[in-house]
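Enquirer: Got a sequence here, can you model it:
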Amino acid sequence: MESDSGATIKLKVGDLVKVSLPSEYDPPTAQGNVLVRLSSTGGYPTGQHLDATFRAVNTGRTDITSSTDYACLHTQPMCMIPQRLWTVHVIVS
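Expert: Just a heads-up that it's a prediction; the model follows:
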């Protein structure tokens, strides 16, 4: 959920994490080899609610991140709408 931004979650290898965000968010990503994204549907630019699933595949730490995106950010001149960053910290043991 959008309100989970900034939270830290603890997982074990094999656990799943489900992300659910409003349609204006880009598909979430996780850096490194701790999590693998299994699926992602919706989000910008589809106009559909964003749902993604990650699996913990290695021990370590990473962040799942996403940010809002809007069509006017890809035009000239670009709009000045503020963007929101969404981050959840993940620790896998």
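
Enquirer: Quick check: the spatially most central residue of the chain vs residue 37, distance?
Expert: In the chain, the C-alpha nearest the mean C-alpha coordinate belongs to residue 28, at 2.6 Å (C-alpha atoms, centre = their mean). Distance from residue 28 to residue 37, counting by C-beta to C-beta, to the nearest Å: 7 Å. Glycine gets a C-beta too; all of them are placed from N, C-alpha and C.

Enquirer: What ranges in this protein fall below the confidence cut-off?
Expert: The model of the chain has no residue with pLDDT under 70.

Enquirer: Mind jotting down where the helices sit in it?
Expert: For the chain, applying DSSP state H gives no helices.

Enquirer: residue boundaries of the strands in it?
Expert: For the chain, strands defined by DSSP state E occupy the ranges 8-11, 16-21, 29-30, 35-43, 48-56, 60-67, 85-92.

Enquirer: of all those strands, which lies closest to residue 75?
Expert: strand 60-67 (17.7 Å; C-beta to C-beta).

Enquirer: Please report how far the nearest residue to residue 29 once chain neighbours are set aside lies from residue 39.
Expert: Excluding its sequence neighbours, the residue lying closest to residue 29 (C-beta to C-beta, 6 or more residues apart in numbering) is residue 65, at 6.0 Å. Using C-beta to C-beta, residue 65 is found at 17 Å from residue 39.

Enquirer: Check residue 54 too.
Expert: For residue 54, the distance to residue 39 - C-beta to C-beta - is 9 Å.

Enquirer: the more surrounded of the two?
Expert: Using other C-beta atoms under 10 Å, the more surrounded residue of residue 54 and residue 39 is residue 54, with 25 against 10.

Enquirer: on that earlier part again, switch the strands of the chain over to JSON lines; also include distance to residue 77.
Expert: Formatted as JSON lines, the strands of the chain follow (distance: least, C-beta to C-beta, whole Å):
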{"stretch": "strand 8-11", "distance to residue 77": "39"}
{"stretch": "strand 16-21", "distance to residue 77": "28"}
{"stretch": "strand 29-30", "distance to residue 77": "28"}
{"stretch": "strand 35-43", "distance to residue 77": "25"}
{"stretch": "strand 48-56", "distance to residue 77": "27"}
{"stretch": "strand 60-67", "distance to residue 77": "20"}
{"stretch": "strand 85-92", "distance to residue 77": "23"}
